[in-house]
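Undergrad: here is a sequence together with a model predicted from it:
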Amino acid sequence: MATGTHEYEDDPRNAEILISVNGELLPRDKAVVSVFDSGFILGDGVWEGLRVTDGGIAFLDEHLDRLFEGAAALDMDIGLDRAGLTARVMECLAANDMRDGVHVRLMITRGVKRTPYQDPRMTIGAPTIVVIPEYKNPKPEIAGEGVTLFTVHVRRTGPAEQDQKINSHSKLNCILACIQAAKAGADEGLMLDPAGFVATCNSTHFFIVRNGEVWTSTGDYCLGGVTRGQVLKAAREAGIPAHERRFSLTDVYGADEAFITGTFAGLVPVRSVDGRMIGTLHPDRPKLLPRLTQLYRERIRAFATPLS
């Protein structure tokens, strides 16, 4: 049964977590924002997902780079610099005594509005900054059995429509893709670019392996994925050919392997795409995914920011 790629094991400790809302630490059921908040009304904001592993935050600098670039594109003043925002996240983790197996959702909106209207000049007060840390680990069967994808009709747009480089709160095209994939009985939607080449998935990035080479999309029609970038770096440093290029569904159906990447679950194998089992044409070729997964884990340990 398809369940989605972000399925996780329930953890009773999450019932007692403290959530940071504009610096105030509140119990889960008391952590709320205004109905006039820009994020609630319009999806006007940016966010990041962070992974806390073995006492450190993985690739924090890269996540902050993306967050501040997105805010600048939206002409939104976060109200804190990088050090201040890092301190806010660290404070929340320390208050919850969290050091491992944690996924953090860092969300920043333009703030509260005078009235429900899109014009940023209607905003009054400071941005809304929320930090939600939860004990979240992927279900083992996701990594063990792999996921299924379905190619959806909703396309990834270019910067002339809505720039995919901005990790905005507004994710309606991805939600529509997720719905279509779920209705088709798949775990995740595979999304194409306007020309019909493979772009990305609705909430993760997509890779294939063909004859010992790692392929992913050009990146022109997807978010600049932090895990995506680390996998490409890891492969190239290990001497594995890794390409960002255009490719079609024909390349996907004939691939030796396919996998998705994301901050939450890392590297996850893809079992099938549109009902086609992946890896059936050349089952004798050695698998690259186990090595790539190990290389990625080594980079997490090497580039984690220690918790304060």
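TA: Yep, it's here. Numbering: from 1, shown residues only.

Undergrad: just for the stretch 1-150 of the chain, where's the confidence low?
TA: Along the stretch 1-150 of the chain, the model assigns pLDDT under 70 to residues 1-3.

Undergrad: which parts of it are strands?
TA: For the stretch 1-150 of the chain, applying DSSP state E, counting those that start in this stretch gives strands covering 18-21, 24-27, 45-53, 56-58, 102-109, 128-135, 147-151.

Undergrad: okay, helices next: where are they in the chain?
TA: 38-42, 60-73, 82-95, 140-145, 172-183, 226-237, 249-253, 289-302 (DSSP state H).

Undergrad: who are the packing partners of the third one?
TA: The reference is to helix 82-95. The contact analysis (3 or more Cβ pairs under 8 Å, 6 or more residues apart in numbering; DSSP states H and E) places helix 82-95 against strand 18-21, strand 24-27, helix 60-73, strand 102-109, strand 128-135. Every C-beta, even on glycine, is put in place using the N, C-alpha and C of the backbone.

Undergrad: looking at the ones you listed, which is closest to residue 306?
TA: helix 60-73 (10.0 Å; Cβ to Cβ).

Undergrad: quick one: buried residues of that closest one?
TA: Using 16 or more other Cβ atoms under 10 Å as the test for burial, helix 60-73 gives 60, 62, 63, 64, 66, 67, 68, 70, 71.

Undergrad: again with stretch 121-135
TA: Buried residues in stretch 121-135, defined by neighbour count with 16+ other Cβ under 10 Å: 122, 123, 127, 128, 129, 130, 131, 132, 133, 134, 135.

Undergrad: if we can go back for a sec, switch the helices of the chain over to CSV; also include distance to residue 260.
TA: Listed next are the helices of the chain as CSV, based on distance: least, Cβ to Cβ, whole Å:
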stretch, distance to residue 260
helix 38-42, 27
helix 60-73, 18
helix 82-95, 26
helix 140-145, 10
helix 172-183, 12
helix 226-237, 9
helix 249-253, 12
helix 289-302, 11
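
Undergrad: which of those helices sits closest to residue 51?
TA: Among the helices of the chain, helix 289-302 comes nearest to residue 51, with 7.7 Å by Cβ to Cβ.

Undergrad: now what about the closest one, what contacts it?
TA: 51, 53-54, 58-59, 209, 214, 227, 230-231, 233-235, 237-238, 240, 257, 259, 266-267, 269 (Cβ atoms under 8 Å, 6 or more residues apart in numbering).

Undergrad: buried ones in that helix?
TA: 289, 292, 293, 295, 296, 299, 300.

Undergrad: that helix relative to helix 226-237, how many degrees between them?
TA: Using axes from the mean of the first three to the mean of the last three Cα atoms, to 10 degrees, the direction of helix 289-302 lies 110 degrees away from that of helix 226-237.

Undergrad: okay, the angle between helix 289-302 and strand 45-53?
TA: 100 degrees.

Undergrad: kindly export helix 289-302 (C-alpha atoms) in CSV.
TA: Provided in CSV are the C-alpha atoms of helix 289-302 (Å, rounded to 0.1, in the frame of the first residue of the first chain):
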residue,chain,number,x,y,z
LEU,A,289,23.1,3.0,-4.3
PRO,A,290,24.7,1.3,-1.2
ARG,A,291,28.0,3.0,-1.9
LEU,A,292,26.4,6.4,-2.5
THR,A,293,24.4,6.0,0.8
GLN,A,294,27.6,5.3,2.7
LEU,A,295,29.4,8.3,1.1
TYR,A,296,26.5,10.6,2.0
ARG,A,297,26.5,9.4,5.6
GLU,A,298,30.2,10.1,5.8
ARG,A,299,29.6,13.7,4.6
ILE,A,300,27.0,14.2,7.3
ARG,A,301,29.5,13.3,9.9
ALA,A,302,32.2,15.5,8.3
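
Undergrad: starting at the chain centroid, how far to that helix?
TA: 18 Å (Cα atoms, centre = their mean, to the nearest Å).

Undergrad: return the set of buried residues in stretch 265-276.
TA: Going by neighbour count (16+ other Cβ under 10 Å), the buried part of stretch 265-276 is 265, 266, 267, 268, 269, 270, 272, 273.

Undergrad: and for stretch 38-47?
TA: Buried residues in stretch 38-47, counted by 16+ other Cβ under 10 Å: 38, 39, 40, 41, 42, 44, 45, 46, 47.
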